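> Model the structure of this input:
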Amino acid sequence: MSDTVNAMDLLREEMENDDVAQRVNAMHRMRVVATLIGVDGIRTQLLPLVDTLIKKEDDEVLFAIAEELGNIAPLLGNGAAALLPFLENLASVEETVIRNAALRSLETTLPLLSDAEVVNTFAPLILRLASGEWFTSRVSAVNLIPSAYARSGNQKPVLKAKFIELCGEDTPMIRRAVAIRIGELATVVERDVLHELVTIFKQLTGDEQDSVKMLCLESLKGIAKILSKDENKTHILPIIIAATQDKSWRVRQALSRNFAAIAEALGKEITDFHLIQNFSVVLRDPEVDVRSVAISSLAQLLPMRLLSTEKLLTLINHVQTLARDNNPTVKTGICHVLEVMVSLVGKEVALPKLYPYVLDLLEDDDAEVKIQAYKTIPKFAQVLGQEALAPLLPHVKSAVTTSPRWRVRLAAIDALVDLGLQYGSAEVFSKNMEQLYLSAVFDKASQVRQSVIARLPELINTLKTEWLNAVLLPKLVDSLGSQTYLFKITVVYAFKAIGQVTPSEYIADKLLPHLVRVSKDTVPNVRFVVVKALRGIASRLNEAVINSTVKPLLNELASDSDKDVQFYAQETLTSLEK
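All right, here's what the predicted structure looks like:
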């Protein structure tokens, strides 16, 4: 009992604080207090306090109350209806975030109510909100009707009539709420009511407010899913056609953004025979923002395989045009489309009609366009085979050797490595890619060097130990004589990567002698990286090698003049003892 009294007394005391932040924090502890005082305490002590606070508190506190009432609803169980009067008040206030929090709490409370409570308490609450003097309460009513409709029993006709009435409100905010929730309501109403909603929805798509039309297009996919094919042709298709020609670019953009989801809802036949030809209108839209979003939707649409080969070939003409657009964002988006499209159209179409545009994009002035174009190369290589290689190599060579942007150089090398892994031939790699790859190992940018080394294990597994011994290892060993300590560090990291995919004998014979030699370097950073490499490869060495070579070397480095080297060497020794 003392805990109960103390919890409520403390809450009341905190709510008397002049600091709003303190009162907000106190409200966010409402669930803790409610747990301590139990169901009876919530009804007799906590809720009367909440009633008082709602009448006088600042918006920040009201927001916290609206959130926390939803959190304590499960504690009340079948008594959750006691929260409804307070949430009803909060759902009517002017401040949007408070109303939204109250609505979330009401929707949390709804499943806890019995069917009788929904019919006799929750539905009347919605009707009171819908008849409120201020638009704020009517907006809340619109948002609650779809959630409550299915369980509203004999109140369904009244709720339906009220929703339809609110659809014709003069206040744009209410019509916007209707546009957002009408798709959800359409999924739970009876078939005859659905036809009424579709009629209203068609009227809303012609609203004078662009924001209402945009929100309708967001809801369109939900309605299209539950209509038949013929109904979609009759009701939904004209809405889409009108949206492609709307004078507002924001409406056209909203259609473009939702196009893939709408097409999926309408199905293959309507999309292929009717929809895609209208979508090509927004692909050619004069507004860059519309074209960019349309291209993004096209990249989402293509994997759904809703289009016939004939329509795909028609789209290629638009893609080719957009690949030469003046806007970098458009061209970046087209790279994603090309990456998806190549596997759909096959080699015979991709090689003459798509790949030349990818190669052109590799030479674009914008770095991001180049990077995205390089990311398409692995997919093209899968489809085109080795025919992709020869036209690509001049572009990669130019990027690796002359580009001032390290991200472009990295993208080019990544594409090159991906090709090497796909072809899986040491001969092809050595003849066409090897020198470019080895030059990137010692790139002036650390990020490029690290990325190249990180991919070494993949290459070694593909090209085998013969390539490692004949080409890579001699190159790395020669570089240990460099005067640049950064190159020495790079080589040590490369040894560590090689050690991840080679057996203990190879590490002991081919790598450890060089690590021992470079551990004497005058630069502390080099010695520090040697310790890191030893720790990284130790798990792959047998105990004899660790005792004869690794531990003596670490003991020596544990007495290094550099404190960081000392510390990490000692830590590595300790880890080896475990």
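> burial measure for Ile145, as a count.
Neighbour count for Ile145, taken as other Cβ atoms under 10 Å: 27. Yep, even glycine has a C-beta here, placed from its N, CA and C like the rest.
> elements contacting the strand or helix carrying it?
According to DSSP states H and E, Ile145 maps onto helix 135-148. Contacts defined by 3 or more Cβ pairs under 8 Å, 6 or more residues apart in numbering; DSSP states H and E place helix 135-148 against helix 96-109, helix 123-130, helix 156-167, helix 172-186.
> in the second one, what's buried?
In terms of neighbour count (16 or more other Cβ atoms under 10 Å), helix 123-130 has its buried residues at 123, 125-127, 129-130.
> Repeat that for the longest one.
Along helix 172-186, the positions that meet the burial threshold by neighbour count (16+ other Cβ under 10 Å) are 173-186.
> closest to Gln422 among the residues you listed?
Closest to Gln422 out of the buried residues of helix 172-186 is Gly183 (44.1 Å), distances taken as Cβ to Cβ.
> surely the closest one meets Gly222?
Yes - between Gly183 and Gly222 there is a contact at 3.2 Å, judged by Cβ atoms under 8 Å.
> what about stretch 411-418, distance to the chain center?
From the chain centre to the centre of stretch 411-418 is a distance of 24 Å (Cα atoms, centre = their mean, to the nearest Å).
> Next: stretch 494-511.
38 Å.
> go on, stretch 386-399?
32 Å.
> ditto for stretch 302-319
The chain centroid and the centroid of stretch 302-319 are separated by 26 Å, computed with Cα atoms, centre = their mean.
> From Val516, how far off is the residue of the chain most remote from its centre?
Here the chain reaches farthest from its C-alpha mean at Ser548, the gap being 50.3 Å by Cα atoms, centre = their mean. Per Cβ to Cβ, to the nearest Å, Ser548 is found 11 Å from Val516.
> and the helix holding Ile145 with helix 172-186, angle?
0 degrees (axes from the mean of the first three to the mean of the last three Cα atoms, to 10 degrees).
> follow-up on the earlier one: which single one of the buried residues of helix 123-130 is nearest to Leu47?
Ranked by distance to Leu47 (Cβ to Cβ), the buried residues of helix 123-130 are led by Leu125 at 16.2 Å.
> Tabulate the buried residues of helix 123-130 (a markdown table), appending distance to Asp360 and pLDDT.
Formatted as a markdown table, these follow (distance: Cβ to Cβ, whole Å; pLDDT from 0 to 100):
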| residue | distance to Asp360 | pLDDT |
| --- | --- | --- |
| Ala123 | 62 | 94 |
| Leu125 | 62 | 94 |
| Ile126 | 59 | 94 |
| Leu127 | 63 | 94 |
| Leu129 | 59 | 93 |
| Ala130 | 58 | 92 |
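> ok, back up a step: ok, which of the helices and strands packed on helix 135-148 comes nearest Asp59?
helix 96-109 (6.3 Å).
> which residues are contacting that closest one?
For helix 96-109, contacts defined as Cβ atoms under 8 Å, 6 or more residues apart in numbering pick out 59, 62-63, 66-67, 69-71, 73, 80-81, 83-84, 87, 90-93, 136, 139-140, 143-144, 147.
> When you filter those residues down to buried only, what's left?
Of these, these count as buried by 16+ other Cβ under 10 Å: 62-63, 66-67, 69-70, 73, 80-81, 83-84, 87, 90-93, 136, 139-140, 143-144, 147.
> In helices only, show me the residues you listed.
Under the assignment DSSP state H, those contribute 62-63, 66-67, 69-70, 73, 84, 87, 90, 136, 139-140, 143-144, 147 to helices.
> for those residues, which one is nearest Pro352?
Pro352 lies nearest to Asn143 out of those, by Cβ to Cβ, at 53.8 Å.
> Now do the same contact list for the closest one.
By Cβ under 8 Å, 6+ apart, the neighbours of Asn143 are 103, 177, 180-181.
> What of Gly536?
496, 499-500.
> Out of those, which end up buried?
496, 499.
> give me the number of residues near Asn326?
Using other Cβ under 10 Å: Asn326 sits among 7 other residues.
> my bad, Gln447
12.
> Go ahead and confirm it touches Val408.
No - counting by Cβ under 8 Å, Gln447 stays clear of Val408, with 11.8 Å between them.
> The residue farthest from the centre of the chain in helix, strand or coil?
Put simply, Ser548 is helix when judged by DSSP: H, G, I helix; E, B strand; the rest coil.
> how many other residues sit next to Ser152?
Other residues close to Ser152 by other Cβ under 10 Å number 20.
> same deal with Glu190?
Applying other Cβ under 10 Å, we find 11 residues neighbouring Glu190.
> and what of Asn154?
Neighbours of Asn154 (other Cβ under 10 Å): 8.
> nearest residue to it other than its sequence neighbours?
Of all residues not flanking Asn154 in the chain, Val119 sits nearest, at 6.6 Å (Cβ to Cβ, 6 or more residues apart in numbering).
> can you tell me which residues contact that neighbour?
Neighbour list for Val119: 151-155 [criterion: Cβ under 8 Å, 6+ apart].
> Surely Ile72 touches Arg29?
No - Ile72 is beyond contact range of Arg29, at 11.2 Å (criterion: Cβ under 8 Å).
> quick one, which of these two is more surrounded?
Legend: neighbour count by other Cβ under 10 Å for Ile72 and Arg29, higher for Ile72 (23 against 15).
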